[in-house]
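1. predicted model and sequence below, questions to follow.
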Amino acid sequence: NAGVTQTPKFRVLKTGQSMTLLCAQDMNHEYMYWYRQDPGMGLRLIHYSVGEGTTAKGEVPDGYNVSRLKKQNFLLGLESAAPSQTSVYFCASSYKASGSPSTDTQYFGPGTRLTVL
Amino acid sequence: AQSVTQLDSQVPVFEEAPVELRCNYSSSVSVYLFWYVQYPNQGLQLLLKYLSGSTLVESINGFEAEFNKSQTSFHLRKPSVHISDTAEYFCAVSTDRGSTLGRLYFGRGTQLTVWP
């Protein structure tokens, strides 16, 4: 199994450009997540999905959109990139905890390093 | 909403010394607790977790953490650290009810640096 993969690994954008980050998982997980990581800020949740066709906002959703048309894929879109979106983006997926709707272990991708000039 | 506080942003220790990384959470409902580790230029990976049962949980590389409900803490300990333990450690919590089902709340991380 490849686990969680992210495409691309690196990207440089100019302010105002758009792009889509792709996350794919082959573990048949119900839940998927997009985080951003900035120095001293830990991980902050952007959007997440608890099933195919469903998405929800996290802590920092502004400026991002997501889609989960297939269970194994979770796309993160930046419609008009801004320098404040320079960050490392991590995708994760997880299964439900046994006997609970909560998340169990989350499996993380290797990250996408995005720079917006 | 849940919150997770990691009390130390940086912890420097010498090799073979004991270490404790502190984590406190705020929640009035049942919680599930996790410690993740991140090595440089990598994603996060699970170190250990508490879902139910014994309040003391262990990892395969000698770390342990104890769930203390009365103190709302889940501190991570290791009796003797190695250079290879140098990494950033994140505490996280999720719950089994409410409008935020499926979410994981992370602390800001503790950078553990082990010196020879």
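-> Done, it's in. Numbers count the residues shown, from 1 in each chain, chains lettered A, B, ... in the order given.

2. low-confidence ranges, chain B, go.
-> Applying pLDDT under 70 to chain B flags the ranges B:1, B:28, B:96-102.

3. would you mind measuring from residue B:79 to residue B:37?
-> Going from residue B:79 to residue B:37 by C-beta to C-beta, to the nearest Å gives 17 Å. Heads up, the C-betas are built off the backbone N, CA and C, glycines and all.

4. compare these two (neighbour count), which wins?
-> Neighbour count, other C-beta atoms under 10 Å in any protein chain shown: between residue B:79 and residue B:37, residue B:37 has more, with 20 against 11.

5. for that one, what are its contacts?
-> Going by C-beta atoms under 8 Å, 6 or more residues apart in numbering or on different chains, residue B:37 touches B:44, B:45, B:47, B:87, B:88, B:89, B:90.

6. list the beta-bridge partners for it.
-> Applying DSSP bridges to residue B:37 gives these bridge partners: residue B:45, residue B:89.

7. report the separation between it and residue A:109.
-> Separation of residue B:37 from residue A:109 (C-beta to C-beta) stands at 16 Å.

8. repeat for residue B:67
-> In this structure, residue B:67 and residue A:109 are 28 Å apart, going by C-beta to C-beta.

9. okay, these two: which has more neighbours?
-> residue A:109 (25 against 20).

10. tell me the bridge partners for the residue nearest the centre of chain A.
-> Chain A has residue A:34 as the residue nearest its centroid, 2.2 Å off, counting by C-alpha atoms, centre = their mean. Beta-bridge partners recorded for residue A:34 (DSSP bridges): residue A:47, residue A:91.

11. right, I'll leave it there.
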